[in-house]
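[1] Next one to model:
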Amino acid sequence: MIVVRVLGFLGWYAVELLRSYVRMVADVVGLRGVTPALVRLDTHCAREVEIGLLGVLISLSPGTIVVDTRAHTPDAATDCPWTLYVHGIHEADPDRLVLGLQRLEYRMLAALGRTDLPSRAPEEAA
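    The predicted model follows:
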């Protein structure tokens with residue numbers, strides 16, 4: 001079952017990666033303006049391997065890069081164990097950038113078999 005989940009995630013990620021490349025080409029040839037944003041992403045990643053994989057997946061996409069990673073102690077005043085700071089150049093609205101990153105994180109964690117996630121991906125929430 002995990003093989004099916006991982007293959008499904010990889011297919012979804014490949015399509016998203018292609019979309020990123022198309023946006024990057026449009027930026028380079030001047031069809032679109034560059035709209036940089038630096039956002040904070042509070043994650044649900046519980047293990048270092050999860051946060052590492054998420055950081056790699058974000059940084060592989062053209063136009064986004066993780067610029068900082070913070071681990072929170074269990075007594076910190078936050079529900080998230082890790083925070084990423086991500087720089088992106090394709091989204092004028094920082095909230096939409098965060099939503100896209102949350103969608104990526106949700107799908108990655110679901111593919112890895114995490115069962116403690118919300119029942120719906122962020123973009124599907126009512």
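[2] Mind giving me the packing neighbours of the helix ranked longest in the chain?
    The longest helix of the chain (DSSP state H) is helix 2-28. Counting contacts by 3 or more C-beta pairs under 8 Å, 6 or more residues apart in numbering; DSSP states H and E, helix 2-28 is packed against helix 94-111. For the C-beta atoms, the positions are set from N, CA and C on the backbone; glycine is no exception.
[3] just the angle between the helix it packs on and helix 2-28, please?
    Helix 94-111 and helix 2-28 meet at an angle of 160 degrees, taking axes from the mean of the first three to the mean of the last three C-alpha atoms, to 10 degrees as the criterion.
[4] average pLDDT for helix 94-111?
    Per-region confidence: helix 94-111 scores 93 on mean pLDDT.
[5] Find the centremost residue of the chain, please.
    For the chain, the residue nearest the mean C-alpha position is Leu101 (2.8 Å; C-alpha atoms, centre = their mean).
[6] wait, doesn't it sit right on Ser61?
    No. Judged on C-beta atoms under 8 Å, Leu101 makes no contact with Ser61 at a distance of 9.8 Å.
[7] follow-up on the earlier one: and after the longest helix of the chain, which helix or strand comes next?
    strand 37-42 (DSSP states H and E).
[8] In the sheet, which strands lie alongside that following strand, parallel or antiparallel?
    Sheet pairing for strand 37-42, assigned by DSSP bridges, gives strand 82-88 (antiparallel).
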